[in-house]
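In: below is the sequence, then the predicted model.
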Amino acid sequence: MTESPRLTVPLKRLDPGVEPPAYALAQDAGADLRTTVDVSLAPGERALVPTGVAVALPAGHAGFIHPRSGLAVRHGLSVVNAPGTIDAGYRGEIKVPLINLDPSAPIELRRGDRIAQLVIQQVAHAEFVEVEALEESDRGAAGFGSTGGFESGRGTDMPQTVQESDAQ
Ligand SMILES: O=c1ccn([C@H]2C[C@H](O)[C@@H](COP(=O)(O)OP(=O)(O)OP(=O)(O)O)O2)c(=O)[nH]1
Ligand SMILES: [Mg+2]
């Protein structure tokens, strides 16, 4: 098995009784994060869940907290702000705003359960340079379904912006 190159990330365990983030398989993009607390989420309920770790990501990187697909598919567990952003300068505890999207069943999480995954990526830092006109492109200002909706032709109405619908 080919090992991916490793980025050194200093990590502080704030709760040594819970396993630190780890990749389940060698080539996984996300390191699984665990809850340090028991959590019970009623349908539609959300909670900010501690993971017991803090990190110092290298400058030029950020961490993104994604849901785990198995828990999403089986239980409706998701991350409210998916993907949550961990800034390189953040030294506090990584916390995950979880939500139960199941319409009827509660979700019970136990301390130590793997609840989400942290994907670390390089990020560009822009220098925003104000200009009078932007370079032309094929797409121009078209978006939000401009290339079509479902293959049957459904869903081709352009959505309204908040300002447009407010104005009516
Ligand atoms: O799911 C998340 C999202 C954020 N954070 C922490 C790390 C991040 O660096 C910081 C700020 O996050 P963000 O910029 O998304 O939140 P904000 O609402 O813009 O807060 P701030 O004004 O502090 O930037 O909060 C988490 O622990 N988990
Ligand atoms: Mg912010």
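Out: Sure, I can see it. Ligands and ions are numbered 1, 2, ... in the order given.

In: look up the closest residue to whichever residue of the chain sits closest to ligand 1, ignoring the ones flanking it.
Out: When distances are taken as C-beta to the nearest ligand atom, the chain reaches nearest to ligand 1 at G84, 2.2 Å away. For every residue, glycine as well, the C-beta is placed using N, CA and C. In this structure, G84 finds its nearest non-sequential neighbour in I65, 3.7 Å apart by C-beta to C-beta, 6 or more residues apart in numbering.

In: the residue of the chain closest to ligand 1 - how many residues pack around it?
Out: 18 (other C-beta atoms under 10 Å).

In: before we move on, what about the one 5 residues further on?
Out: Counted with other C-beta under 10 Å, the burial measure for G89 works out to 9 neighbours.

In: and the residue nearest to G84, that one's in a helix?
Out: No: using DSSP: H, G, I helix; E, B strand; the rest coil, the assignment for I65 is strand, not a helix.

In: contacting residues around the residue of the chain closest to ligand 1?
Out: With contacts defined as C-beta atoms under 8 Å, 6 or more residues apart in numbering, G84 is in contact with F64, I65, V96, P97, A116.

In: and the second one, how close does it get to V79?
Out: As defined by C-beta to C-beta, to the nearest Å, I65 lies at a distance of 6 Å from V79.

In: which residues do these two both contact?
Out: V96, A116.

In: give me the longest strand you can find in this structure.
Out: strand 114-122 (DSSP state E).

In: now for it, which elements pack on it?
Out: Identification of packing neighbours for strand 114-122 by 3 or more C-beta pairs under 8 Å, 6 or more residues apart in numbering; DSSP states H and E yields strand 30-34, strand 61-67, strand 95-100.

In: repeat that for 6 Å
Out: Contact here means 3 or more C-beta pairs under 6 Å, 6 or more residues apart in numbering; DSSP states H and E; on that basis strand 114-122 packs against strand 30-34, strand 61-67.

In: state the mean pLDDT of the shortest one.
Out: Right, the one you point to is strand 30-34. What strand 30-34 shows for mean pLDDT is 98.

In: next, the angle strand 61-67 makes with that strand.
Out: Between strand 30-34 and strand 61-67, the angle comes out at 60 degrees (axes from the mean of the first three to the mean of the last three C-alpha atoms, to 10 degrees).

In: next, the contact list for the residue nearest to Q117 when sequence neighbours are not counted, please.
Out: Take Q117 and drop its neighbours on the chain: the residue closest to it by C-beta to C-beta, 6+ apart is G30, 2.9 Å away. Shown in contact with G30 (C-beta atoms under 6 Å, 6 or more residues apart in numbering): H66, Q117, V119.

In: so what's G30 bridging to?
Out: Going by DSSP bridges, G30 is paired in beta bridges with V119.
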